[in-house]
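Engineer: sequence? don't have it. structure:
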């Protein structure tokens, strides 16, 4: 898709990287923007990527946000099918005071996804977020619902940027609600206000009716000291009862990302550690749970102008040189060729992944939930297998699977079974989008999406597989039987091309490891049997790993 | 000569990479100063005051204890204080209660993470705030306070059950 920015002679090309939907009438595209000159050549910066685009469409209502090179824009809906691109004046986002991170100028070019090894975690613990808003927020931001929708989709994109897959953590908007002045209004103290949310009966009722795990209240209080706060840290014993945050609507999304920041605190993400901006004093939380800050380029000779990038969960004092990037800290993801975290200390992404199921179970929902389970990144030319997971609603179920290779064009259903096979194209870096429409045959159908990235053949994961000699691949042909498994034992048989240490792990449909076995194996045929009588009926995944082999098979237990 | 130039370049590079200095003054809404004896230890903080949103003739005084990086760690809040000379008894500020009485809270906070709350010990009726002067032109406000709090949400296992702030004083400005 081509994009033209008024006053900019460059040609921009949009590539969808992620799609999602909140209702049957809306659609969200998120992706990256590549700049080309008038001859159509890619304008190269160090990564060729110039920015991102997030567009939400509900019928004729189109809104979103765009970053191109060093400029930020909002797409504002004006009414009657008309939307405008509004360039953000950075100054207008700077409060008179505050301790939070501010954007000094604008972000540099930016790439959404980094090429890193694929993972096969299959945790599915959606987190439902209720976003309430005050009368003042509505008065000052008539487009408050757009801001809320953008916040949710943008936070999900930040997860993806940080190599947190959609299977591992996805937040969904449980609902929105206006809080009247009588029900809740901004006072003089942000801390007192967030404290009051915990015992607010209207908020509690909204949380219960929306089956929301977390509640975020959008305000427009003009608090002197900050833009957001949480009522409790994510791993406090009281976190479930205090899973509330306040976010000033004006700072929710780019370039401040306050919504994303407070959200992460509710999972247990801590502020950054160990730079000259910030030293954590709290003793709570996990050691690796910190955000991260790192210098832009070489600071030598210009030390007094030294600039920093801060991941989302950072706290910093400076409003001239410290810029937030839409990433949670993760040592396996780079931004502008620098790591965005460290393994031992600055790894927010791990906290978010690990806390997803805990937070997702704060409030049990009886609302039908439909998920697509499968890999988020696949090597080119492979066949991807995706499973439908339906929770909270009894069967019988109906399924329709669709595939799109550009995020816009969808053909006829490719499957009506509970699973689908999708041919992954051979073009590295491209995306495959999968849509599932499923639910009880007599009830409402739920539409969900999954984006799958095609890895580079030279990337670590694909290169590793391709380095395995073809004979080895054949020799390792893996079989499990019977499948479905009834009352007996599950048998695993494979041909090993050499002796060595092998690990077999079994995961349930939530990605939890429910069994593992390490064994020295010999060259030739190997067999193992597992007594899985302790496992309930359901879908499981068996993974066999050795020094040169890594494969996962799906099996079902039905007794 | 070449060696000298190389050495000079090296020294310039080396000293140019010195650590970024920490700011000496906090960036924030604070104006003036405040102090008290907190459980017999000197407690110094940064105050500011705002006009109460729902009581335009009252002010809320927020007194913040910052860490060495100027991040918020503790807050003593007085809500709806008349900016008129006088001594006012201080009561607890239950969430959601917005009346014309002067109320107070004490918070433990990690910048934007609330993790401890103390409420006024109302049983002994000893908590008060005194406004000693208010300049309606400069908006400068001075006063003293004595308050006793008890745990509402304990911030950490070893935290005290009671916080006593004695001989407190503040000099600040109503910033908005």
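Structural biologist: Okay, I see it. Values in this document were obtained by computation on a predicted structure and should not be read as measured data.
Engineer: just want the most central residue of the chain.
Structural biologist: Picking chain A for this. The residue lying closest to the centre of chain A (CA atoms, centre = their mean) is residue A:159, at 2.9 Å.
Engineer: my question was about chain B, not that one.
Structural biologist: Centre-nearest of chain B using CA atoms, centre = their mean is residue B:64, 1.6 Å out.
Engineer: so who does the closest residue to chain A within chain B touch?
Structural biologist: Of all residues in chain B, residue B:95 sits closest to chain A, at 3.2 Å by CB to the nearest CB. Where you see a C-beta, it was placed from the backbone N, CA and C, and this is true even at glycine. Taking CB atoms under 8 Å, 6 or more residues apart in numbering or on different chains as the criterion, residue B:95 is in contact with A:192, A:195, A:196, A:197, A:198, A:199, A:200.
Engineer: list just the nearest of those residues to residue B:47.
Structural biologist: Distance to residue B:47, by CB to CB, is smallest for residue A:192 among the contacts of residue B:95, at 16.0 Å.
Engineer: can you find the helix or strand of chain B with the lowest average pLDDT?
Structural biologist: Lowest by mean pLDDT, DSSP states H and E among the helices and strands of chain B is helix B:2-16, with a mean of 55.
Engineer: re the thing from before, next step: the contacts of residue B:95 restricted to helices.
Structural biologist: Here DSSP state H is the test, and those give A:192, A:195, A:196, A:197 as lying in helices.
Engineer: out of these, which comes closest to residue A:68?
Structural biologist: Residue A:68 lies nearest to residue A:197 out of the ones in helices among the contacts of residue B:95, by CB to CB, at 37.4 Å.
Engineer: and the closest residue in space to that closest one that isn't next to it in sequence, how many neighbours?
Structural biologist: Nearest in space to residue A:197, with sequence neighbours left out and distances taken as CB to CB, 6 or more residues apart in numbering or on different chains, is residue A:244 at 4.2 Å. Residues lying near residue A:244 (other CB atoms under 10 Å in any protein chain shown) number 27.
Engineer: tell me the buried residues in stretch B:118-125?
Structural biologist: B:118, B:119, B:120, B:121 (16 or more other CB atoms under 10 Å in any protein chain shown).
Engineer: surely the first one and residue B:164 touch.
Structural biologist: No - when contacts are counted by CB atoms under 8 Å, residue B:118 is not listed as touching residue B:164 (10.6 Å).
Engineer: what number of residues lie near the closest residue to residue A:482 other than its chain neighbours?
Structural biologist: Nearest residue to residue A:482 in three dimensions, chain neighbours excluded: residue A:488, at 7.2 Å (CB to CB, 6+ apart). For residue A:488, the neighbour count with other CB under 10 Å is 12.
Engineer: so what pLDDT did residue A:488 get?
Structural biologist: pLDDT recorded at residue A:488 is 77.
Engineer: in which helix or strand would I find it?
Structural biologist: Residue A:488 is part of no helix or strand when elements are defined by DSSP states H and E.
Engineer: try residue B:107
Structural biologist: Residue-wise, residue B:107 maps onto strand B:103-110 under DSSP H and E.
Engineer: let me know the closest of the contacts of residue B:95 to chain B.
Structural biologist: Closest approach to chain B among these (CB to the nearest CB): residue A:196, at 3.2 Å.
Engineer: check the closest one and give its pLDDT.
Structural biologist: pLDDT, residue A:196: 95.
Engineer: hang on, isn't it packed against residue B:98?
Structural biologist: No - with contact defined as CB under 8 Å, residue A:196 does not count as touching residue B:98 (9.9 Å).
Engineer: the more surrounded of these two?
Structural biologist: Legend: neighbour count by other CB under 10 Å for residue A:196 and residue B:98, higher for residue A:196 (22 against 17).
Engineer: which ones are touching the more buried one?
Structural biologist: Residue A:196 touches A:184, A:187, B:95, B:96, counting by CB under 8 Å, 6+ apart.
Engineer: just those now: which is nearest residue B:159?
Structural biologist: Set against residue B:159, the nearest of these by CB to CB is residue B:95 (20.3 Å).
Engineer: would you tell me which strand is longest in chain B?
Structural biologist: The strand that spans the most residues within chain B, counting by DSSP state E, is strand B:140-153.
Engineer: how far does that one sit from its chain's centre?
Structural biologist: Per CA atoms, centre = their mean, to the nearest Å, the displacement of strand B:140-153 from the mean C-alpha position of its chain is 10 Å.
Engineer: next structured bit after that strand?
Structural biologist: strand B:162-173.
Engineer: and residue A:407, what are its phi and psi?
Structural biologist: The phi and psi values for residue A:407, taken as degrees, to the nearest 10, are phi 90, psi 0.
Engineer: so what's the residue count around it?
Structural biologist: The tally of other residues near residue A:407 (other CB under 10 Å) stands at 22.
Engineer: quick one: it and residue A:431 touch, right?
Structural biologist: Yes - in this structure, residue A:407 is within contact of residue A:431 by CB under 8 Å, at 6.8 Å.
Engineer: do you know the pLDDT at residue B:70?
Structural biologist: Model confidence at residue B:70 (pLDDT) stands at 78.
Engineer: just the pLDDT for residue A:207.
Structural biologist: Per the predicted model, pLDDT is 95 at residue A:207.
Engineer: checking it next. Helix, strand or coil?
Structural biologist: helix (DSSP: H, G, I helix; E, B strand; the rest coil).
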